[in-house]
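>>> Whatever this is, show me its structure:
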Amino acid sequence: REKMHELLVQQKGKIGVVTVGDMGTSGADHVVCVTKDAADLAHRIFAVLRMLDEDEHVDKIFVQGVDESNEGMAVMNRLAKAASHHIVC
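Down below sits the predicted model:
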């Protein structure tokens, strides 16, 4: 969580942030989407990414990673593909 906060502080422009649980992330140029767990993220990931891109017109999207067990492995695989394997941390 600290690494996410550090990265967000350094960013310019409109930023989309997807978290699992509330990270207390906020900022004037942050659009925050909170999911309750990895299963919820798995169910909503494409809709959330599309909303941030097409509706909110964010410049960058940061997604909190999840444990790669159960649904988490599928979520992380989908995110890696969506990010063209550009993973920050």
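
>>> centroid residue for this protein?
V63 (1.9 Å; Cα atoms, centre = their mean).

>>> Make sure that residue is actually in contact with V18.
Yes - the pair formed by V63 and V18 meets the contact definition of Cβ atoms under 8 Å, at 4.2 Å. C-beta: built from backbone N, CA, C; applies to glycine.

>>> hmm, back to that, from M73, how far out is the residue nearest to the centre of the chain?
Counting by Cβ to Cβ, to the nearest Å, the gap between V63 and M73 amounts to 15 Å.

>>> Same question for V9.
30 Å.

>>> Repeat that for G65.
G65 sits 11 Å away from M73 when distances are taken as Cβ to Cβ.

>>> out of those two, which sits in the busier spot?
Between G65 and M73, counted using other Cβ atoms under 10 Å, G65 has the larger neighbour count: 17 against 14.

>>> and that one, what element?
Remark: G65 resides in no helix or strand, with elements defined by DSSP states H and E.

>>> and it, what does it touch?
G65 sits next to 76, 79 when contact means Cβ atoms under 8 Å, 6 or more residues apart in numbering.

>>> Likewise for the one 5 residues further on?
With contact set as Cβ under 8 Å, 6+ apart, N70 has these partners: 38-39.

>>> All the helices of the protein, in order from the start?
2-10, 38-50, 71-82 (DSSP state H).

>>> if we can go back for a sec, now the common contact residues for G65 and M73.
Applying Cβ under 8 Å, 6+ apart, one finds that no residue jointly contacts G65 and M73.

>>> Can you mark which positions in the helix or strand of the chain with the lowest mean pLDDT are buried?
Taking mean pLDDT, DSSP states H and E as the measure, the chain has helix 2-10 as its least confident helix or strand, at a mean of 78. Burial within helix 2-10, assessed by neighbour count using 16 or more other Cβ atoms under 10 Å, is assigned to 4, 8.
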